[in-house]
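Undergrad: Model the structure of this input:
(one chain, ligands or ions: 1)
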Amino acid sequence: MIRVQVPATTANLGPGFDCIGMALELHNVVEMTPISRGMSIEVFGEGASTIPKDENNLVYQSARHVFNQAGCSIAGLKIRLFNQIPIARGLGSSTAAIVGGIIGANMLTGRKLSVRDMITLASSIEGHPDNVTPAILGGIVVSVNDSGEIRYLKIEPPSKLRGVVAIPDFNLVTKASRELIPSQIPFQDAVFNVGRVALLVAALHQGDLSMLSVAMEDRLHQTFRSPLIPGLKKVLAAAKLAGARGVTLSGSGPSVIAFADANFELIARVMGDTFRQNGVMPKVLVLKPSPIGARALEIK
Ligand code: HSE
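TA: Numbers count the residues shown, from 1 in each chain. Next up, the predicted model:
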């Protein structure tokens with residue numbers, strides 16, 4: 001049996017749309033066991049009642065890509081999923097499924113794919129690399145798609161950094177959340193984001209959290225998505241007032257993540273209260289960045 005543990009991820013970090021993400025200490029576990037025939041999928045925890053348990057399952061589909069690439073056919077497969085990452089909340093649940101399926105299947109087929117191959121395959125299934133690279137490598141990862149090849153560099157998260165994550169009680173599918181983003185933006189807004197994301201990378205690299213307030217601002221996606229998330233603007237403002245260094249939508253939302261090095265309880269409380277005042281029932285977690293990415297174990 002193969003057991004793969006994959007961290008949750010937060011993508012964009014504000015201005016780094018589709019190109020920067022960070023792994024978080026919240027995990028899904030994928031277990032894969034070859035069996036003599038057929039397929040069985042069991043899901044425990046998040047998504048237990050909603051995740052497909054047939055050929056439409058994303059872990060299974062991702063594993064199939066690896067079996068096909070490796071030219072292997074598996075007689076039968078048993079998959080068990082133990083999920084901590086809430087589904088479709090902007091915390092990388094689909095990436096965790098894809099990465100878990102790919103790594104598990106790669107272990108079962110003699111580890112023919114390198115880490116780089118797995119990053120390329122997972123990014124092509126997901127459509128962008130920003131959640132995939134930190135899910136596989138851990139830490140904070142900057143990644144871009146260079147004509148199908150993913151170029152990436154990892155940054156160690158500042159040691160005191162924590163993510164206070166307010167997770168609303170409703171799903172937001174990334175595709176729907178991307179549809180609100182216009183196909184063109186003014187040049188000044190592009191310049192705004194280029195400057196912020198450059199400052200963000202430098203600040204994270206140097207561990208200078210005082211820059212995050214400005215460096216996590218965005219004009220490419222967040223405002224356009226805010227109609228989908230009641231109270232978003234107020235939650236962002238409240239987190240900052242309570243002492244967050246920077247605060248942003250997590251991935252395509254609806255979760256909001258505040259970056260902080262102190263006042264975690266207060267920030268968590270005001271984010272939760274502000275969402276509730278706007279009719280959203282959130283769960284709030286204080287999470288450490290995960291310095292390591294997906295890990296696989298073979299259990300005989
Ligand atoms: N960069 C992506 C987006 C993250 O914002 O749509 C979602 O996976």
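
Undergrad: Contact residues of the stretch 51-200 of the chain facing the ligand?
TA: Taking Cβ under 6 Å from any ligand atom as the criterion, the stretch 51-200 of the chain approaches the ligand at residues H128, D130, N131, T174, R178. Every residue, glycine included, has its C-beta placed from N, CA and C.

Undergrad: Determine which two of the residues you listed are furthest apart.
TA: Maximum pairwise distance in those, criterion Cβ to Cβ, is 13.5 Å, between N131 and R178.

Undergrad: Out of the residues of the stretch 51-200 of the chain next to the ligand, who's the most crowded?
TA: When those are compared by neighbour count (other Cβ atoms under 10 Å), N131 ends up highest, at 34 neighbours.

Undergrad: ok, now which ones touch it?
TA: T9, A11, G21, G92, S94, T95, G251 (Cβ atoms under 8 Å, 6 or more residues apart in numbering).

Undergrad: again, only using 6 Å
TA: By Cβ atoms under 6 Å, 6 or more residues apart in numbering, N131 lies in contact with T9, A11, G21, G92, T95.

Undergrad: name the element the residue nearest to it when sequence neighbours are not counted belongs to?
TA: Nearest residue to N131, sequence neighbours excluded (Cβ to Cβ, 6 or more residues apart in numbering): T95, at 3.8 Å. For T95, the host element (DSSP states H and E) is helix 93-108.

Undergrad: And that helix, what does it pack against?
TA: Here helix 93-108 touches strand 2-11, strand 20-35, helix 58-70, helix 115-126, helix 132-137, going by 3 or more Cβ pairs under 6 Å, 6 or more residues apart in numbering; DSSP states H and E.

Undergrad: rerun that using 7 Å as the cut-off
TA: The elements that helix 93-108 packs onto, with contact taken as 3 or more Cβ pairs under 7 Å, 6 or more residues apart in numbering; DSSP states H and E, are strand 2-11, strand 20-35, helix 58-70, helix 115-126, helix 132-137, strand 295-298.

Undergrad: So which of the ones you listed is the most surrounded?
TA: Each of the helices and strands packed on helix 93-108 was scored by mean neighbour count; the highest is helix 132-137, a mean of 30, by mean count of other Cβ atoms under 10 Å.

Undergrad: circling back to that earlier point, secondary structure, pLDDT and distance to G243 added to the residues of the stretch 51-200 of the chain next to the ligand, as TSV?
TA: Shown next, in TSV, are those (DSSP: H, G, I helix; E, B strand; the rest coil; pLDDT from 0 to 100; distance: Cβ to Cβ, whole Å):
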residue	secondary structure	pLDDT	distance to G243
H128	coil	96	32
D130	coil	98	27
N131	coil	98	27
T174	helix	88	30
R178	helix	93	32
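
Undergrad: so which of those residues would you say is closest to V141?
TA: D130 (8.0 Å).

Undergrad: so what's the backbone phi/psi at that closest one?
TA: phi -70, psi -30 (degrees, to the nearest 10).

Undergrad: can you list contacts of stretch 11-20?
TA: With contact meaning Cβ atoms under 7 Å, 6 or more residues apart in numbering, stretch 11-20 is reached by 21-22, 92, 128, 130-131, 140, 142-144, 193, 196-197, 200, 216-218, 220-221, 246, 248, 251.

Undergrad: Now do stretch 171-180: distance from first to last residue.
TA: 16 Å (Cα to Cα, to the nearest Å).

Undergrad: What residues sit buried inside it?
TA: L172, T174, S177, R178 (16 or more other Cβ atoms under 10 Å).

Undergrad: Repeat that for stretch 217-224.
TA: E217, D218, R219, L220, H221, Q222, F224.

Undergrad: for stretch 148-166, same thing?
TA: Buried residues in stretch 148-166 (16+ other Cβ under 10 Å): I150, Y152, K154, I155, P157, P158, L161, R162, G163, V164, V165, A166.

Undergrad: start to end distance for that stretch?
TA: 34 Å.

Undergrad: what does stretch 167-187 give?
TA: Termini of stretch 167-187 sit 33 Å apart (Cα to Cα).

Undergrad: before we move on, what about stretch 131-146?
TA: Length of stretch 131-146, first residue to last, Cα to Cα: 16 Å.

Undergrad: Scan the protein for its longest helix.
TA: helix 187-206 (DSSP state H).

Undergrad: elements contacting that one?
TA: Applying 3+ Cβ pairs under 7 Å, 6+ apart, one finds that helix 187-206 contacts helix 212-215.
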